[in-house]
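S.K.: can you look at this prediction? I've put the sequence above it.
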Amino acid sequence: MAKLNSDEIIKLLDALVGSTEPVGETNYDSQVYENFKTVVDICDWCLDRVLLARQYIGRPEQSMHEIGFNAQGCLQEWEEWISQREKEWEE
């Protein structure tokens, strides 16, 4: 079986999870909230994978070090992205 690429996985998750945008209508938003909790669970799983990969940054094996180094870079980029978004929301 062929693996899906990240774009295909994202499209599949979007279809499986459903909307996460509330509209201010209680019945609709209660389902949106459940969908949102699903997204948070998926994010927790993904973040855990990246954090586990970061532990290899100190390994002498080039392939392991590279995975850890890239994981560290992702975490730094996400931190900067979150900080930037928060600044935008404050404006």
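M.R.: Yep, that arrived. Numbers count the residues shown, from 1 in each chain.
S.K.: so which residue is dead centre in the protein?
M.R.: Nearest to the geometric centre of the chain sits residue 43, at 4.3 Å (Cα atoms, centre = their mean).
S.K.: remind me which helix or strand it belongs to.
M.R.: helix 26-54 (DSSP states H and E).
S.K.: for that helix, which residues meet the burial criterion?
M.R.: By neighbour count with 16 or more other Cβ atoms under 10 Å, helix 26-54 contains the buried residues 32, 36, 53, 54. C-beta here means a position set from N, CA and C on the backbone, and glycine is covered the same way.
S.K.: and which of those is nearest residue 86?
M.R.: Nearest to residue 86 among those: residue 36, at 18.6 Å, using Cβ to Cβ.
S.K.: distance of the residue nearest to the closest one when sequence neighbours are not counted relative to residue 54?
M.R.: In this structure, residue 36 finds its nearest non-sequential neighbour in residue 20, 4.8 Å apart by Cβ to Cβ, 6 or more residues apart in numbering. Look at residue 20 and residue 54: by Cβ to Cβ, to the nearest Å, they are 27 Å apart.
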